[in-house]
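*Asks:* Sequence first, predicted model second:
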Amino acid sequence: MTTPEQLFRADGGLKVRSQGYLKPVLGLVALLALANCDEALTSSVAPQPRPVAPPAPALNAYVPPSAASQDLARFYQRVERDLLTRGMLRSDGGGPDTPYDASDLERNFETIAFFNEYPDHAVTATTYSTEGQLSRWSAPIRVQTEFAPSVSPEMRAKDAEQVETFTARLSKVTGHPMSVVTRKANFHVFFAGKDDGAYVVSRLKQLVPGIDQPLLDLVANPRSNIDCFVIASPTNRSLHRFVRAVVLIRAELPDMLRRSCIHEEMAQGLGLSNDSNAARPSIFNDDDEFALLTSHDEKLLTMLYDPRLEPGVAVEDARPVVRIIARELMGQQL
């Protein structure tokens, strides 16, 4: 749907979305001391009250956004209004004005699933390139939503619900096991604002060991035209099988741009890492026409996780199978 500013790979890849308009509460553990009771005590002896422990602080307690963050939120609101006024950020999934057939699906899948827009940056820790080969998840995906301090409680509840709903949709479309968890996640979706750079950098260092400093610099102070990105990481032993992903979405985004980021970055974190100007109706396009996952995009995800395609398969070897799958999905004969 949009053009990434940069693409890094440390032990994984970074997909940065650049908008086309600019180019639980913590559990409290109480330790109760048990003392021997004296049988001589009577009921007239009043028990001593136990000291009351102070309440535990809330996890990432809400801190109101700064003036600079509020200015950025107003900027994004203007951007969203402008796009909607121009008929962009469509949520209808396409219609009679956006026809596509099996050949379109086949072509778009090859471009979006097998290639990256900036292959010169697509290197892994082992320096092996995965350009022209299929990458996806093999292990079950455990999604956890995390919030930086500047995200309000109201937005946390709304964002968590949308991530949970979209996770269920992605699992149904791909046939791959995906669930929302509160611990031991391997797919993290962060919502953080302009004021939360230090928090996000600290968390990324924990989640992505050996992460490149340029990426940390980008996270600490992202440009205003970068509204969300995803890092999808394989292992050195299996460069085409993702084992971890991190999505970061700006807290200042208004509703539609926020939902658009959830859809695009979570879908790309599954393995559809490229964009194509020829893909329509699709969120994997630079033109911002569609905000939410379309029927075309659902078919791409179904193809990506079809068992007839193995992680690491080269595009040349995959073409005959891709052609068959595309025609099956469109109800067209070979």
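*Replies:* Alright, I've got the coordinates. Numbering: from 1, shown residues only.
*Asks:* For the rest of this, base every contact and every neighbour count on C-alpha atoms.
*Replies:* OK.
*Asks:* just for this structure, where's the confidence low?
*Replies:* 1-59, 117-130 (pLDDT under 70).
*Asks:* now for the lengthiest helix in it, which elements pack on it?
*Replies:* Counting by DSSP state H, the longest helix found in the chain is helix 153-174. Other elements packing on helix 153-174 under the criterion 3 or more C-alpha pairs under 8 Å, 6 or more residues apart in numbering; DSSP states H and E are strand 141-147, strand 178-180, helix 255-268, helix 295-304.
*Asks:* let's see 7 Å
*Replies:* For helix 153-174, the contact count by 3 or more C-alpha pairs under 7 Å, 6 or more residues apart in numbering; DSSP states H and E identifies strand 178-180, helix 295-304 as packing neighbours.
*Asks:* got the angle for it vs strand 141-147?
*Replies:* Relative orientation of helix 153-174 and strand 141-147, computed by axes from the mean of the first three to the mean of the last three C-alpha atoms, to 10 degrees: 160 degrees.
*Asks:* Report the buried residues of helix 153-174.
*Replies:* Arg156, Asp159, Ala160, Val163, Glu164, Phe166, Thr167, Leu170, Ser171, Val173, Thr174 (16 or more other C-alpha atoms under 10 Å).
*Asks:* Switch the helices and strands packed on helix 153-174 over to CSV; also include mean neighbour count and distance to Gln70.
*Replies:* Putting the helices and strands packed on helix 153-174 into CSV (neighbours: other C-alpha atoms under 10 Å; distance: least, C-alpha to C-alpha, whole Å) gives the following:
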stretch, mean neighbour count, distance to Gln70
strand 178-180, 19, 30
helix 295-304, 22, 34
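*Asks:* what's the burial count for the closest residue in space to Phe242 that isn't next to it in sequence?
*Replies:* Leaving aside its chain neighbours, Phe242 sits nearest to Pro234 (4.1 Å; criterion: C-alpha to C-alpha, 6 or more residues apart in numbering). Applying other C-alpha atoms under 10 Å, we find 22 other residues in the vicinity of Pro234.
*Asks:* from memory Pro234 sits against Gly269, does it?
*Replies:* No: under the criterion of C-alpha atoms under 7 Å, Pro234 lies out of contact with Gly269, with a separation of 11.3 Å.
*Asks:* List phi and psi for Ala314.
*Replies:* Backbone geometry at Ala314, expressed as degrees, to the nearest 10, gives phi -80, psi 150.
*Asks:* Name all residues that make contact with the closest residue to it other than its chain neighbours.
*Replies:* Counting by C-alpha to C-alpha, 6+ apart, Ala314 lies nearest to Gln133, which is 4.4 Å off, once chain neighbours are set aside. Taking C-alpha atoms under 7 Å, 6 or more residues apart in numbering as the criterion, Gln133 is in contact with Phe114, Gly312, Val313, Ala314, Val315.
*Asks:* Then Phe115?
*Replies:* Phe115 makes contacts with Glu131, Gly132, Asn274, as judged by C-alpha under 7 Å, 6+ apart.
*Asks:* Could you rerun that using 6 Å?
*Replies:* Counting by C-alpha atoms under 6 Å, 6 or more residues apart in numbering, Phe115 touches Glu131, Gly132.
*Asks:* Now it. Its backbone dihedrals?
*Replies:* Note on Phe115: backbone dihedrals following degrees, to the nearest 10 are phi -130, psi 160.
*Asks:* And it, how far from Ala102?
*Replies:* Phe115 sits 20 Å away from Ala102 when distances are taken as C-alpha to C-alpha, to the nearest Å.
*Asks:* do Leu134 as well
*Replies:* Taken as C-alpha to C-alpha, the spacing of Leu134 relative to Ala102 amounts to 20 Å.
*Asks:* So which of these two has more stuff around it?
*Replies:* Between Leu134 and Ala102, counting by other C-alpha under 10 Å, Leu134 is the more crowded of the two (24 against 21).
*Asks:* correct me, but that one touches Val315?
*Replies:* No: counting by C-alpha atoms under 6 Å, no contact exists between Leu134 and Val315, whose distance comes to 7.4 Å.
*Asks:* Which parts of this protein are strands?
*Replies:* For the chain, the strands defined by DSSP state E occupy 13-18, 136-137, 141-147, 178-180, 187-192, 226-234, 241-250.
*Asks:* Run a quick neighbour tally on Ile249.
*Replies:* Residues near Ile249, counting by other C-alpha under 10 Å: 24.
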